[in-house]
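Q: Structure for the following, please:
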Amino acid sequence: MANQNRSSGKKTNDRSNSKKRYFSYQKTNKNKRSAQPQKRSEQKDSLKIAFLGGMNEIGKNMTLYEYRHDMFIVDCGLAFPSSDLLGVDLVIPDFSYVEANADRIRGIVVTHGHEDHIGGIAYLLKKINVPIYATKLTIGLIKGKLEEHGLLKSARLIEVKSKDNITLGAFNVELIHVNHSIPDAVGLAIKTPAGVVIQTGDFKIDTTPVDGDMIDLARFSEYGRKGVLALLSDSTNAERPGLAASEKNVGDSFVNLFNKAGKKRIVVATFASNIHRVQQIIDVAQLLDRKVAVTGRSLENLVTVGQELGYLNVPSGVLIDITEIKKYNDDELVIITTGSQGEPMSALTKIAFGEHKKVSFTPNDFVIISATPIPGNEKMVSNVVNELMKHGVEVIYEKMYDVHVSGHACQEELKLMLGIVKPKFFIPVHGEQKHLQKHASLGAAMGIPKKNIYIGNIGDRIDISSNGIKNLKSVTAGEVYVDGFGVGDVGNVVLKDRKHLSQDGIIIIAATIDSVTGKTISGPDIVSRGFVFVKENEALMKSAKELSAKIIENGYNSEKFKDWNSIKTKLRDEISYLMYEKTKRKPMVVPILMEI
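A: Predicted coordinates:
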């Protein structure tokens, strides 16, 4: 990483010397500052932004801002693995560039408490311990993460609120309230000598929010009037025309659907982080004299934190433990569960497939899936819906019932944000390439010159000033896989092996050899897993055993193949060729040779 910091050679040294001269000047002329040296310094120094996550993808959002010697981070999230990342639990950003500049990092500012914005913080704090600035609910959710990792006592968590200003070296960051599918979400006005950058975070414009606190459009507009260097704006719904519906629409739908359920038990699956949605479910349940039980670890944690911090209003006696549901009739219950995306380990999926320890479905259940499938999750959601229907369960999942609204701005809201902020430069963020491109076209339609619109990628590092945007040398960035307790120990080679195993299985060749005589004492034994059913392919297994014995014998009796590696390589090649000739499949071949 040091090489990357020095990659521009003499130019970097010039900046460093300029910085030293500037601070020396400040020190010796406390009361007699000439405007001219300061002006030259500001012209030379510009803002730098490195994109470490959240570009060309949904998830693991992380942006690094640099000005002179100061840096700070906006968000540090995770992504959930795609189906081809076999065995991987989580995906987090690569922190190499941050670690290499640890002494320059002044803090982390977090926009809101969703996993794709806070999920990587615990892993980052194991590398560097820097202050974390976030709003009340976001801090509460981060605390839960850090406690799981044993980092809570050492962490420096600083609670802030909208309209607060945070000073981080050369940066001054103002928090601006926005609407999203979780309370306490904020956008950021990042003030630097090079200009003001607005980063919206995840947002929508909800004129009738559940908590009654509308997005602070006036503050965004005020910055727009003063002049904004660049806007980094949420692109998730850039393909969707119109406006995102209000969260209150879902509450009205719940009233109608809960009445439709009649005497049935109601089960609602929703995003674990959507406190507004949970509050509306509780409100309607109370209205209909139903008790509410919650299942799913992340959802249970959210309800606990939400109640403790005052973001959830749960009347006494309404909430019961999931173990108590057998004490009540079906028409007296509402169960809120995780699993709206059909996740294999979620509570809803476990219940649907009969694997949940405390809840099982019957035809007297009325299930509402209060979410829209994230792209790529459609099949998993469909599998769960099909399984529920096999058991005679009535399932409400169609869009026509208005059981879900997005927390992200659609096209008209995105254009409104562009119109009031009036940025000189526009950088779409938080989305796949199609979202970024569509958002960029909206910016162009709003009158921003195409040369002033930048579509980045993970690892890009840019230099931005009133003169324009320049690409700098890319930084180390990408994906780090978390598998159990292992962080980064699963790479492309391991994943390739896992994919190979999942597709064609494995054959193990085990043999024990006398180190003196070179004779085979036991084996070779052929063990097959995930390849063919051995009892029905005895002739194939016999051929593999005979070929293995011949290769081992020739290898130990020939000077040419005396070393083990040569023998193992020949075993892999010859057995793979045999299996492909007979089956047109290529199992992984693992020779295990022991000398005694």
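Q: which residues touch the residue nearest the centre of the chain?
A: Central residue of the chain (CA atoms, centre = their mean): residue 79, 2.3 Å from the mean position. Residue 79 makes contact with 53, 57, 58, 59, 60, 90, 91, 92, 116, 479, according to CB atoms under 8 Å, 6 or more residues apart in numbering. Heads up, the C-betas are built off the backbone N, CA and C, glycines and all.
Q: taking these one by one, which sit in helices?
A: Residues from the contacts of residue 79 lying in helices, with DSSP state H as the criterion: residue 116.
Q: Going by neighbour count, which of the contacts of residue 79 comes out on top?
A: Tallying neighbours with other CB atoms under 10 Å puts residue 53 at the head of those, with 31 neighbours.
Q: how close does that residue get to residue 119?
A: 11 Å (CB to CB, to the nearest Å).
Q: Give me the common contacts of these two.
A: 60, 77.
Q: Run through the bridge partners of the residue nearest to the centre of the chain.
A: residue 91 (DSSP bridges).
Q: Check the gap between it and residue 209 for me.
A: 27 Å.
Q: Over to residue 317?
A: Taking CB to CB, one finds residue 317 at 28 Å from residue 209.
Q: between the two, who's got more neighbours?
A: Neighbour tally, residue 317 and residue 209, criterion other CB under 10 Å: the higher count belongs to residue 209, 18 against 8.
Q: and the nearest residue to that one once chain neighbours are set aside, how many neighbours?
A: Using CB to CB, 6 or more residues apart in numbering and skipping residues adjacent in sequence, the residue nearest residue 209 is residue 179, 5.2 Å away. Each residue near residue 179 was counted by other CB under 10 Å, and the total is 28.
Q: ok, now residue 163?
A: With other CB under 10 Å as criterion, residue 163 counts 12.
Q: cool, and residue 316?
A: There are 5 residues near residue 316, going by other CB under 10 Å.
Q: Return the residues in contact with residue 356.
A: 295, 347, 350 are the contacts of residue 356 under CB under 8 Å, 6+ apart.
Q: 10 Å instead?
A: Shown in contact with residue 356 (CB atoms under 10 Å, 6 or more residues apart in numbering): 295, 322, 337, 346, 347, 348, 349, 350.
Q: does it sit in a helix, a strand or a coil?
A: With DSSP: H, G, I helix; E, B strand; the rest coil as the basis, residue 356 sits in coil.
Q: related to what we said a few turns ago, quick one, phi/psi of the residue nearest to residue 209?
A: phi -90, psi 140 (degrees, to the nearest 10).
Q: Repeat that for residue 314.
A: Torsion angles, degrees, to the nearest 10, at residue 314: phi -110, psi 110.
Q: how many neighbours does it have?
A: 16.
Q: show me the contacts for it.
A: 278, 279, 282, 283, 286, 292, 303, 306, 307.
Q: Likewise for residue 521?
A: Residue 521 neighbours (CB under 10 Å, 6+ apart): 511, 512, 513, 514, 594, 595, 596.
Q: My read is that residue 479 contacts residue 80, right?
A: No - if you go by CB atoms under 10 Å, residue 479 and residue 80 don't touch, sitting 12.0 Å apart.
Q: Common neighbours of those two, please.
A: 60, 88, 91.
Q: okay if I get these as CSV plus pLDDT and distance to residue 232?
A: Formatted as CSV, the shared contacts of residue 479 and residue 80 follow (pLDDT from 0 to 100; distance: CB to CB, whole Å):
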residue, pLDDT, distance to residue 232
60, 93, 16
88, 75, 28
91, 88, 22
